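Colleague: next comes the sequence, and after it the predicted model I'd like to discuss.
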Amino acid sequence: MKTQTQAVVIGGGVVGCSVLYHLTKAGWKDVVLVERDILTSGSTWHAAGGFHTLNGDPNVAKLQGYTIGLYNELEKISGQACGLHRSGGLILADTKDRMDWLKMAHARARYLGIESELLTMKEAKALHPLLEEQYFVGALLDKADGNLDPEGTTHAYAKSARIGGAEIYQNCRVTELKPRGDGGWDVITEKGTIHAEHVVNCGGLWAREIGRMAGFELPVLAMEHMYLVTDEMPEVIAFNKERGHELPHAIDFKGEIYMRQERSGLVLGTYEQACVPWQPKTTPWTFGRELLQPDLDRIAPNLELGYKHFPAIAKAGIKRVINGPFTFTPDGNPLVGPVQGLKNYWCACGVMAGFSQGGGVGLALSQWMAHGDPGFDVWGMDVARFGEWATRSYTNAKVRENYSRRFSIRFPNEELPAARPQQTTSLYDTMLAQGAVMGDSWGLETPLWFAPKGVAPKDIVSFRRSNDFQHVKAEVLATRKSVGVTEIANFAKYRFSGEGAEAFLSRLMTNKMPKTGRICLTPMLNENGKLIGDFTIAKAGDGTFYMWARVRRRSITCGGSKNISPRMVRSRSIATIWDLSASPLPGRTHGPCWRNSPMPMSRTLPSSSWITAPWISPTARR
């Protein structure tokens, strides 16, 4: 076993093997993967193996499209079959709202270059004769959908990585992580210590434990997930014989079920309302390639709807029931990228749909590590989108909500209720009394609009014009004609002062700095000219500027990020930067999540210095 390497990937599931392969593809040949058991242990081995491009975030959908297209390449490189079945898939809508969502998904797929088609129920029935068309109003055909062999696919990634120069150590559990003075890590395993420049947490079910070794808590939670496999079905055999191909996948929004063909039967999985977390505090290291006790009573309501919508399944025998744990994040998207406050510590975990997203996650993270930029907008997956407010109780509540809403519509501007309010300001009760309709911004309750007297302070969400339109219009007109007041507690706030402040900001931003007493809106670009933030800057006086940004934009300036390079912000004069947004808020919830970086209250920039991202990191919590 090596004692020194450029990067250690911890975890040998599909995501870890994908990250390893993509690092070799990005030019990092001196990389290793360590797995506590054997490859695919954890969640990978018992996955249903389906893949699809459908996702509410268009950037994540694009990465899913990349993942699905990657499998043919892996087979050619490795010589390992992935067991691909490219059958296509139907997403079935039972209401007008759900059909509107499919229309939106279809339009999004078109500009992403993903092949899809809107269908009438007559057309859908022709493709999938087992469905009862009377219960649906329309469908979307995703031609890229299919399924694969989880074991074969993971080994295809692993073999391709080995061909690229990587090494894999199995039955080699990591027991401790120690940061080194040179910015690297000592990865202490049961078989010895490896000095690594970089560490990647692909721990899956054990991601929290790997995070705790570095002193922080990741917002992930494993959920029990069940699917059943039927006996042979005459209807499936007849379809295959007549058409010469498999039945397409099907997702039934109303039944909250998915299904696909498995040999001459079907796989049917559910995302039930009565969902159950698994090991909410600690995952046992001894948990191996084992399953959980099935509980068909818990998914009975979903099965009843499935039998109603697909009557042939009701007559089929059940061959086996799979109940295994999968990790989820509060919003359902993966945790990818550098961890703030820790040098060279990276995450690729919480990937619930590993065979839809694993390739894209590996691509994004490898480019981020090798080139300093993931290459596209990954905010929907960035680990920095959660802060210390994402406590264990918050994560538990939001993951339950997300799991139970897996096939529910998320309308534009819809705010979900679980784990709220998590953080509030001292004006919270006052604003509620004034009719505020609140939203969640980085865990903080923030007013979205105010309902006038006689109007219920409640959003009625829609794909069309919602009920807030006329009231927001009135607020805008009032501000334009007289004056308005806005709450900025949910904004990151910085003060820049000194004779070099204006030169520093002019170098960092694309716009010219405003005159005294004026403000400007300005983007920030990275050295490749890509947009990484949008900021409001006011000039209060000579050498004094204030900058505001949405709280999520603070992640751009944190020490773990490589978005700001030294070349971007060279300063030849003295300036001081104060972070004005670090004070705890009244009513704020503090929990065991993330680490507090020991940064000073302010930082003076020395003359002719190269300024890197940590210089403008958030200050220590007061």
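Modeller: The structure has been received and is ready for your questions.

Colleague: can we go C-alpha only for contacts and neighbour counts from here?
Modeller: Noted.

Colleague: quick one, phi psi at the spatially closest residue to residue 25 that is not a sequence neighbour?
Modeller: If the residues on either side of it in the chain are set aside, residue 25 comes closest to residue 164, at 7.0 Å by Cα to Cα, 6 or more residues apart in numbering. Per-residue torsions, residue 164: phi -80, psi 0 (degrees, to the nearest 10).

Colleague: check the one 10 residues further on too.
Modeller: Summarising the backbone geometry of residue 174 under the convention degrees, to the nearest 10, its torsions are phi -80, psi 130.

Colleague: then the one 3 residues further on?
Modeller: With angles defined as degrees, to the nearest 10, residue 177 shows backbone torsions of phi -120, psi 130.

Colleague: who's it bridged to?
Modeller: Judged by DSSP bridges, the bridge partners of residue 177 are residue 187.

Colleague: so who does it touch?
Modeller: 185-188, 213-214 (Cα atoms under 8 Å, 6 or more residues apart in numbering).

Colleague: can you pick the most crowded of these?
Modeller: residue 185 (25 neighbours; other Cα atoms under 10 Å).

Colleague: how near is the residue nearest to that one when sequence neighbours are not counted to residue 194?
Modeller: Leaving aside its sequence neighbours, residue 185 sits nearest to residue 179 (Cα to Cα, 6+ apart; 4.5 Å). Look at residue 179 and residue 194: by Cα to Cα, to the nearest Å, they are 12 Å apart.

Colleague: list the residues that contact both of those two?
Modeller: With Cα under 8 Å, 6+ apart, residue 179 and residue 194 have common neighbours residue 186.

Colleague: which one's more surrounded, these two?
Modeller: Neighbour totals were compared for residue 179 and residue 194, and residue 194 leads with 21 against 18 (other Cα under 10 Å).

Colleague: what ranges does the stretch 351-500 of the chain have for its helices?
Modeller: Using DSSP state H, counting those that start in this stretch, the helices of the stretch 351-500 of the chain run over residues 354-371, 392-404, 428-433, 469-481.

Colleague: list the buried ones in the longest one?
Modeller: Think helix 354-371. Residues of helix 354-371 classed as buried: 354-369 (neighbour count, 16 or more other Cα atoms under 10 Å).

Colleague: quick one: residue 23 is in a helix?
Modeller: Yes: under DSSP: H, G, I helix; E, B strand; the rest coil, residue 23 sits within a helix.

Colleague: excluding sequence neighbours, find me the nearest residue to residue 208.
Modeller: In space, residue 208 comes closest to residue 218 once its chain neighbours are excluded; the distance is 5.5 Å by Cα to Cα, 6+ apart.

Colleague: tell me if I'm right that that neighbour and residue 207 touch.
Modeller: Yes: assessed by Cα atoms under 8 Å, residue 218 is found in contact with residue 207 at 7.4 Å.

Colleague: which one of the two is surrounded by more residues?
Modeller: residue 218 (28 against 24).

Colleague: mind listing the helices for the stretch 51-200 of the chain?
Modeller: 58-78, 96-112, 121-127, 150-163.

Colleague: just say which of those helices is most tucked in.
Modeller: Ranked by mean neighbour count, the helices of the stretch 51-200 of the chain are led by helix 150-163 with a mean of 24 (mean count of other Cα atoms under 10 Å).

Colleague: which residues does it contact?
Modeller: Under the criterion Cα under 8 Å, 6+ apart, residues 13-14, 17-18, 20-22, 24, 39-40, 44-49, 71, 74-75, 77-83, 167-168, 355 lie in contact with helix 150-163.

Colleague: how much space separates the spatially most central residue of the chain from residue 403?
Modeller: Nearest to the geometric centre of the chain sits residue 333, at 2.6 Å (Cα atoms, centre = their mean). For residue 333, the distance to residue 403 (Cα to Cα) stands at 11 Å.

Colleague: for residue 281, same thing?
Modeller: Distance of residue 281 to residue 403, given as Cα to Cα: 18 Å.

Colleague: have a look at those two and say which one is more surrounded.
Modeller: Ranked by neighbour count (other Cα under 10 Å), residue 281 and residue 403 place residue 403 first, with 24 against 12.

Colleague: leaving aside the residues next to it on the chain, what's closest to that one?
Modeller: Of all residues not flanking residue 403 in the chain, residue 271 sits nearest, at 6.5 Å (Cα to Cα, 6+ apart).

Colleague: surely the one you found and residue 404 touch.
Modeller: Yes: counting by Cα under 8 Å, residue 271 touches residue 404, with 5.9 Å between them.

Colleague: more neighbours: which of those two?
Modeller: Neighbours were counted for residue 271 and for residue 404 using other Cα under 10 Å; residue 271 has more, 22 against 18.

Colleague: which residues does the more buried one contact?
Modeller: Contacts for residue 271 (Cα under 8 Å, 6+ apart) come out as 225, 256-257, 403-407.

Colleague: kindly recompute the last result at 7 Å.
Modeller: Neighbouring residues of residue 271 by Cα atoms under 7 Å, 6 or more residues apart in numbering: 256-257, 403-404, 406.

Colleague: cool, and residue 541?
Modeller: Residue 541 makes contacts with residue 516, as judged by Cα under 7 Å, 6+ apart.

Colleague: give me the neighbour count for the residue nearest to residue 25.
Modeller: So residue 164, with other Cα under 10 Å, has 22 neighbours.

Colleague: and if you look at the one 5 residues further on?
Modeller: Residues lying near residue 169 (other Cα under 10 Å) number 18.

Colleague: quick one: it and residue 9, what's the gap?
Modeller: Here the criterion is Cα to Cα. By it, residue 169 lies 10 Å from residue 9.

Colleague: which neighbours do those two share?
Modeller: Counting by Cα under 7 Å, 6+ apart, the residues touching both residue 169 and residue 9 are 33-34.

Colleague: all strands for the stretch 401-550 of the chain, in order.
Modeller: Remark: strands assigned in the stretch 401-550 of the chain by DSSP state E, counting those that start in this stretch are 436-441, 444-450, 491-497, 519-525, 531-541, 544-550.
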